[in-house]
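# Have a look at this fold, sequence not included:
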């Protein structure tokens, strides 16, 4: 394997690939210091020129979305297999890089500073059925959950991922801000946050909704609005959620 | 102990209390069948009359918020210790029930059908320091995380709990709805949802925010708005979150 990129995705995938027993031959990054750092961690070497990459079974482009097409235009891989790792970028952006290309998208939020590598489902796609088979089989060596998804399916799941991860994390951030300003301890909420995330594996979240909005408990809702009078951003999201929850469940009845 | 109520909170607390080695003497519920069912599970008896409850060390009122004060007016407990379990109800609602009263609030979402009882932090309060000590010590026999919180602090944490649990769960619900309508598999998102919830114990969520909103990636945001054109409720929340995230991080810089 050759890894192109040295950010969070490149680093965490590099660790998974190394732990899967594969040889990582080179690391490239726009920033040579980052390439050196990741190469050192993965016990391999860095290569400063995209045009001088060594021969490999799979080239993995793990860079920001808007840099993929530029890199695809610079590497000269002929018919060697190349994949990108992006959720919302078409696989066809790689057609300038090689005749054999596809996607290896980790449906997970990857942060290199986290001590534990989480479970990572992979969505894979390939330009030909042979490419797809190679990518699928490779993904199965580093994950227990691999599914085929075309560009449309991958984009839909990426959008869902933004909703459940970026937006939930922002709710945690706002709650932490509110706790800090009211001198209450945000860490008391960790078990609750984990429980709500965990139990949807047992039952649909639509059957687990609780709280004042779904109960129509206007006394508590008005009390919360009063508490939020000096927090206009949180108050605004609170009102939007209360409305959205009430409309969702009224429409279902 | 005597448990007043037979819903989710009464049931899960009843199990914790039983597992903590305490004697549960009676269960009361407005619905006698529910009282019988919980009494059977806890291997105790039910009592149909609030005025005939047996003598106990602690009476635990675990009923809907708006029923607490009515029950407090009916029980005749003199100076026996009574607590309620509500996040946003003042402890003083119990002053008609006994001279000794307080709060035992589980900061957790409790569902009796879940196979595993989650970790439950308790916020406790008492009318006198002796009451508080008794409630605190009791809570420590059923939980490893007990903190004292007055009415204001408890209400603030309850509001934070609504934000991180009810609102996050609604995001999961909307994402599941979107997955169902686009024929993608919501269960692929479970590891991501768990990871985002888990890792805030290692780092503040405000330092873990990712996604197109914080990156200012307008191409992806417009792509998502296009995908959501037939999902007006989700599109509306998407726009509100994007705005809230961008304002939050712009104001911090």
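Perfect, thanks for sending it. Nothing here was measured: the structure is a model prediction, and the numbers come from that model.
# Next, the buried residues of stretch A:113-128.
A:114, A:117-118, A:120-127 (16 or more other CB atoms under 10 Å in any protein chain shown). All C-beta atoms are positioned from the backbone trio N, CA, C, and that covers glycine.
# What segments of the stretch 151-253 of chain A are helices?
Using DSSP state H, counting those that start in this stretch, the helices found in the stretch 151-253 of chain A span residues A:151-161, A:168-181, A:190-199, A:212-215, A:218-227, A:232-252.
# Dump those helices to TSV, plus mean neighbour count.
Conversion of those to TSV gives the following (neighbours: other CB atoms under 10 Å in any protein chain shown):
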stretch	mean neighbour count
helix A:151-161	22
helix A:168-181	21
helix A:190-199	21
helix A:212-215	20
helix A:218-227	16
helix A:232-252	16
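# Out of those helices, which gets nearest to residue B:141?
With CB to CB as the measure, helix A:190-199 is the member of those nearest residue B:141 (17.7 Å).
# Could I get the contacting residues of residue A:227?
Contact partners of residue A:227, counting by CB atoms under 8 Å, 6 or more residues apart in numbering or on different chains, are B:155-156, B:159.
# Next to chain B, which bits of the stretch 1-150 of chain A? Give me the list.
Contacts of the stretch 1-150 of chain A with chain B, taken as CB under 8 Å from any CB of the partner chain, map to A:65-66, A:88, A:107-109, A:111, A:113-115, A:118-121, A:123, A:145, A:147, A:149.
# picking that back up, for the buried residues of stretch A:113-128, which two are the farthest from each other?
For the buried residues of stretch A:113-128, with distances taken as CB to CB, the pair at the greatest spread is A:114 and A:127 (32.7 Å).
# so where's chain A uncertain?
Across chain A, residues meeting the criterion (pLDDT under 70) sit at A:253.
# and it, what are its domains?
A:2-149, A:155-252 (automatic domain parsing).
# and chain A, which of the contacts of residue A:227 contact it?
Subset of the contacts of residue A:227 in contact with chain A: B:155-156, B:159, counting by CB under 8 Å from any CB.
# Now flag whichever of those residues is closest to residue A:246.
Nearest to residue A:246 out of the ones next to chain A among the contacts of residue A:227 is residue B:159 (CB to CB; 17.8 Å).
# Spit out the contact partners of that closest one.
Contacts here follow CB under 8 Å, 6+ apart; on that basis residue B:159 touches A:178, A:224, A:227-228, B:88.
# a markdown table for those, including distance to residue B:219?
As requested, these are arranged in a markdown table below (distance: CB to CB, whole Å):
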| residue | distance to residue B:219 |
| --- | --- |
| A:178 | 33 |
| A:224 | 36 |
| A:227 | 38 |
| A:228 | 34 |
| B:88 | 43 |
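# for the residue nearest to residue A:160 when sequence neighbours are not counted, what are its contacts?
What sits nearest to residue A:160 in space, not counting adjacent residues and going by CB to CB, 6 or more residues apart in numbering or on different chains, is residue B:175, at 4.3 Å. Under the criterion of CB under 8 Å, 6+ apart, the contact list for residue B:175 reads A:160, A:163-164, B:186, B:189.
# Let's see that with 10 Å instead.
If you count contacts by CB atoms under 10 Å, 6 or more residues apart in numbering or on different chains, residue B:175 has them with A:157, A:159-165, A:167-168, A:205, B:184, B:186, B:189, B:193, B:234.
# right, and the helices of the stretch 151-253 of chain A - which one's nearest residue B:61?
helix A:218-227 (17.3 Å).
# Check for me that residue A:109 belongs to a helix.
No. Looking at residue A:109 with DSSP: H, G, I helix; E, B strand; the rest coil, it is coil, so not inside a helix.
# now the closest residue to it other than its chain neighbours: how far from residue A:54?
Closest residue in space to residue A:109, ignoring its immediate chain neighbours: residue A:165 at 5.3 Å, by CB to CB, 6+ apart. In this view, residue A:165 and residue A:54 are 35 Å apart by CB to CB, to the nearest Å.
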